[in-house]
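**Student:** no sequence for this one, just the structure:
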Ligand code: NAP
């Protein structure tokens, strides 16, 4: 029987309810000549992945993208199974019984290590955990961070580092306008953090942060942004490299506008450093980080034509009470899904998963988003990424290269999930939670107050 008709719909499971999952679902559900049913599985009760748990709470505008995802979820051929972790509650092999195709859009939940001595000291933390904590990720509801610290260093100068620097230095008044987790709001109110160093290993011309983000650091209510004049200066190689690139020149101009700036008397200071790399973290007698050794770098062009940093013999020590490494996220393996460990992504070619041994496409298995290409780009980057994978899925369907599920119906899938994980969340359950969060926000004079605990979420929707 042909698959993709009203009588025999194409049944697809999307694992991971982040932006890519929703872009893929929307693209699949709008196919005119095919009847497609999408069942979306999500480990957490709430959908939206990185938009809810990654995007900084003071970037509410970006979060409004979820309205588009809601639209896809309204389709009668869309079903949501929240609070169901594939690889734990249900295996990939079990999913194959119910679907013609599986697409994994599970993002990049862990972080990359720095690999320097002292990294294991107390107070040396991945930025990913701090981000998850302030965004109310349920896995981090009990996370403890001591903000009696005065000096914080963030290693890496991507947009995540910018987010962390802002959240650490925002006033309570600024944070009230956000949906930051209540526990983080209270902890940040009491915070003693005064100095935040953001450390880039290359120069201003190679900075990974984007222009609006560096500009924002200069517009904080009670924090000044500072750059050392000698580090704001471009070396001749970089100056030649960006000449005529207006976007990059503009970014460098903003960085240089902070160079040598007098402090305006604001309570906190963010210092963005360039051409420095941490080489060691030194602890106090309690095993808590106290000092960071850094080395000055110079740039050279490698054999691929890329400007890379290399250490000079100029070293320095800075006092630090907390060190966040913010040098990139990393994907995690799910049992039954081909993975490429060196890059921390699913092993794939344009979204088609490849067998780890033969490197041939595995029938019926696909991937998208950060777990497909690595942690890069903005939320919108995941749309063309999802479309690329879906296009291959539809080609493979036309070529008959799909799974042969024993029970390809929505009812069978619902019955199976209900039996395996009776406390799963439907989209209607999420919408109830959403309405409660918004109402709680209104009562507190904030855009939203998030539930951060799975048990509380269950109670709130009557499970
Ligand atoms: P990222 O943009 O890739 O930045 C990683 C930073 O870590 C870079 O500065 C990189 O330096 C540095 N780094 C890597 N390895 C290092 C090492 N061993 N020692 C010192 N520094 C090291 O990653 P991200 O900040 O995690 O962000 C992930 C993605 O999400 C990015 O595409 C980002 O733009 C996006 N994002 C966007 C927003 C927004 O739009 N507002 C907010 C958050 C995140 P090099 O450049 O020298 O490699």
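**Tutor:** Now that the structure is in, tell me what you want to look at. Since the model is a prediction, treat every value here as computed from it, not as a measurement.

**Student:** Check which helix or strand residue 431 maps to.
**Tutor:** helix 427-444 (DSSP states H and E).

**Student:** Looking at the stretch 51-200 of the chain, what residue ends up closest to the ligand?
**Tutor:** Nearest residue of the stretch 51-200 of the chain to the ligand (C-beta to the nearest ligand atom) works out as residue 158 at 2.1 Å. For glycine as for every other residue, the C-beta is placed from the backbone atoms N, C-alpha and C.

**Student:** my read: that residue touches residue 208, true?
**Tutor:** Yes: shown here, residue 158 and residue 208 form a contact pair, counting by C-beta atoms under 8 Å, at 4.0 Å.

**Student:** Look at the two and report which has more neighbours.
**Tutor:** residue 158 (22 against 18; other C-beta atoms under 10 Å).

**Student:** ok, that one to residue 199 distance?
**Tutor:** 12 Å (C-beta to C-beta, to the nearest Å).

**Student:** State the distance from the closest residue to residue 283 other than its chain neighbours to residue 321.
**Tutor:** For residue 283, ignoring the flanking residues on the chain, the nearest one in space by C-beta to C-beta, 6 or more residues apart in numbering is residue 121 at 4.4 Å. Counting by C-beta to C-beta, the separation of residue 121 from residue 321 is 11 Å.

**Student:** Repeat that for residue 147.
**Tutor:** 9 Å.

**Student:** ok, the two, which is more surrounded?
**Tutor:** residue 321 (21 against 17).

**Student:** What does the pLDDT read for residue 1?
**Tutor:** Listed pLDDT for residue 1 reads 78.

**Student:** Setting aside sequence neighbours, what's the nearest residue to it?
**Tutor:** residue 8 (4.9 Å).

**Student:** Double-check that neighbour against residue 2; I have them as touching.
**Tutor:** Yes: counting by C-beta under 8 Å, residue 2 is a contact partner of residue 8 at 6.5 Å.

**Student:** quick one: low-confidence ranges for the stretch 201-350 of the chain?
**Tutor:** Low-confidence segments of the stretch 201-350 of the chain (pLDDT under 70): none present.

**Student:** who in it is up against the ligand?
**Tutor:** Applying C-beta under 6 Å from any ligand atom, we find that the stretch 201-350 of the chain lies next to the ligand at 201, 202, 206, 208, 213, 277, 326, 327, 328, 329.

**Student:** Count the residues that sit near the nearest residue to the second one once chain neighbours are set aside.
**Tutor:** When you say that, I think you mean residue 202. Counting by C-beta to C-beta, 6+ apart, residue 202 lies nearest to residue 309, which is 5.1 Å off, once chain neighbours are set aside. Residue 309 has 20 neighbours, counted by other C-beta under 10 Å.

**Student:** same deal with residue 310?
**Tutor:** Residue 310 has 12 nearby residues by other C-beta under 10 Å.

**Student:** That one should be in a strand, yeah?
**Tutor:** Yes: Residue 310 forms part of a strand when assessed by DSSP: H, G, I helix; E, B strand; the rest coil.

**Student:** still on that earlier bit, which strand or helix spans the residue nearest to residue 1?
**Tutor:** Per DSSP H and E, there is no helix or strand for residue 8.

**Student:** re earlier: any common contacting residues for residue 121 and residue 321?
**Tutor:** Jointly contacting residue 121 and residue 321 under the rule C-beta atoms under 8 Å, 6 or more residues apart in numbering are 288, 289.

**Student:** Ramachandran angles for residue 329?
**Tutor:** Note on residue 329: its backbone torsions stand at phi -90, psi 170 [degrees, to the nearest 10].

**Student:** let me fix that: residue 115
**Tutor:** According to degrees, to the nearest 10, residue 115 has phi 60, psi 50.

**Student:** Show the pLDDT at it.
**Tutor:** Per-residue pLDDT puts residue 115 at 96.

**Student:** from here on, count from 35
**Tutor:** Right, with 35 as the first residue, what we last looked at is residue 149.

**Student:** Tell me, how many residues neighbour it?
**Tutor:** Neighbours of residue 149 (other C-beta under 10 Å): 6.

**Student:** Residue 472 touches residue 482, doesn't it?
**Tutor:** Yes: the criterion here is C-beta under 8 Å, and residue 472 meets it with residue 482 at 5.6 Å.

**Student:** More neighbours: the two, which one.
**Tutor:** Neighbour count, other C-beta under 10 Å: between residue 472 and residue 482, residue 482 has more, with 22 against 15.
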